[in-house]
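1. got a structure for you, letters missing:
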């Protein structure tokens, strides 16, 4: 606007200067005084017209120019808004795509981990089953020979004592072989309807009365509705008992002063599984990625043979379920998934996205 004012002022000043110049020329050539006064008066009127014209031009331009500028800038502003909107939309779409890609990558990692775990477990099961079979044959012969030796009445007491030691160790090996055979999920088991809440209540009642677990607080919460699964009662009892005992041993080693095991039972979000959650404050797993490996054990987690969780995992698989473990702030959380009677599935590895 200032530039416009200066431009109009300079134009008016130039016009007035030109009028003054030509007025002097005209007045100089006029013969009489009256003619000179008349020429000067006319020149004065022209200068007034020029001043008025400049003022009118300035006013008109002041009114019209903003409208003109706004009319010219409006499309540019609209284009700018459109571009900003497109940038925001593209950015939002890119962020959504990145989130989906990240989710897909995480699911892929989980699936890959489950497949590797399944294949590893399958291979180990095959090896262990063959190993157990090969040991069982000569062991049967050894135990049979011991029976024949013990029938001899003339055997010295010292020899009989040593034979008894051999027999005890032989039956110990036989017990280990039976445990190894339980790792095979293809072993036929009689399956009946099992009330999970009833099974867990009895197990908690028996376990809590054991002398070594007197200091542990067992808390549980089960829904009033029946939660019936189809399975082998003894095998499921072994799964839950082994997990609870592992938790109790971990608590004894790491947190004997404030021992707590919490057991809850609920349905999965899709209502296809009953989930038994066992939580302890025993410090958690130090090598959680190896928790299901046969024979893997740490002093802080269990003092057993090291095949407890591996057997539990295989029993859950055989029942078309799954076990998912995780560490919490104070200890470990294990979720045991068992399908409802109406939702037995053939492939337990469809649960790769389930999380505790």
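-> Yep, that arrived. Please read all numbers here as calculations on a predicted model, not as lab measurements.

2. counting contacts, what elements does the strand or helix carrying residue 165 pack onto?
-> Residue 165 belongs to helix 157-181 when assigned by DSSP states H and E. On a contact count with 3 or more CB pairs under 8 Å, 6 or more residues apart in numbering; DSSP states H and E, helix 157-181 meets helix 33-151. To be clear about C-beta, it is placed using only N, CA and C from the backbone, and glycine gets the same treatment.

3. Quick one: list the elements packing against the helix it packs on.
-> helix 2-29, helix 157-181, helix 308-318.

4. and if we set it to 6 Å?
-> With contacts defined as 3 or more CB pairs under 6 Å, 6 or more residues apart in numbering; DSSP states H and E, helix 33-151 has these neighbours: helix 2-29, helix 157-181.

5. among these, which gets the worst mean confidence?
-> If these are sorted by mean pLDDT, helix 2-29 sits at the bottom with a mean of 57.

6. coming back round to it: ok, and what's touching the helix holding residue 165?
-> Under the criterion CB atoms under 6 Å, 6 or more residues apart in numbering, residues 128, 132, 136, 139, 142, 143, 146, 149, 150, 307 lie in contact with helix 157-181.

7. again, but for stretch 230-240
-> Residues from elsewhere that reach stretch 230-240 (CB under 6 Å, 6+ apart): 189, 191, 193, 194, 203, 312, 315, 319, 341.

8. Output the residues you listed in JSON lines, with neighbour count, distance to residue 224 and pLDDT appended to each entry.
-> Shown next, in JSON lines, are those (neighbours: other CB atoms under 10 Å; distance: CB to CB, whole Å; pLDDT from 0 to 100):
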{"residue": "189", "neighbour count": "16", "distance to residue 224": "29", "pLDDT": "56"}
{"residue": "191", "neighbour count": "16", "distance to residue 224": "25", "pLDDT": "72"}
{"residue": "193", "neighbour count": "11", "distance to residue 224": "18", "pLDDT": "86"}
{"residue": "194", "neighbour count": "20", "distance to residue 224": "18", "pLDDT": "88"}
{"residue": "203", "neighbour count": "18", "distance to residue 224": "19", "pLDDT": "90"}
{"residue": "312", "neighbour count": "24", "distance to residue 224": "27", "pLDDT": "85"}
{"residue": "315", "neighbour count": "25", "distance to residue 224": "27", "pLDDT": "85"}
{"residue": "319", "neighbour count": "25", "distance to residue 224": "24", "pLDDT": "87"}
{"residue": "341", "neighbour count": "13", "distance to residue 224": "18", "pLDDT": "71"}
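
9. possible to save those as TSV with distance to residue 53?
-> Below are the contacts of stretch 230-240 laid out as TSV (distance: CB to CB, whole Å):
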residue	distance to residue 53
189	111
191	108
193	107
194	106
203	107
312	103
315	105
319	102
341	101
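
10. just those now: which is nearest residue 62?
-> residue 341 (87.5 Å; CB to CB).

11. The residue lying closest to that closest one once chain neighbours are set aside and residue 324: what is the separation?
-> Among residues not flanking residue 341 along the chain, residue 230 sits closest, at 5.3 Å (CB to CB, 6 or more residues apart in numbering). In this view, residue 230 and residue 324 are 21 Å apart by CB to CB, to the nearest Å.

12. next one: residue 176
-> Note on residue 176: its distance to residue 324, by CB to CB, is 27 Å.

13. neighbour count winner among these two?
-> A count of neighbours by other CB atoms under 10 Å puts residue 324 above the other of residue 176 and residue 324, at 18 against 14.

14. helix/strand/coil for that one?
-> Under DSSP: H, G, I helix; E, B strand; the rest coil, residue 324 falls in the strand class.
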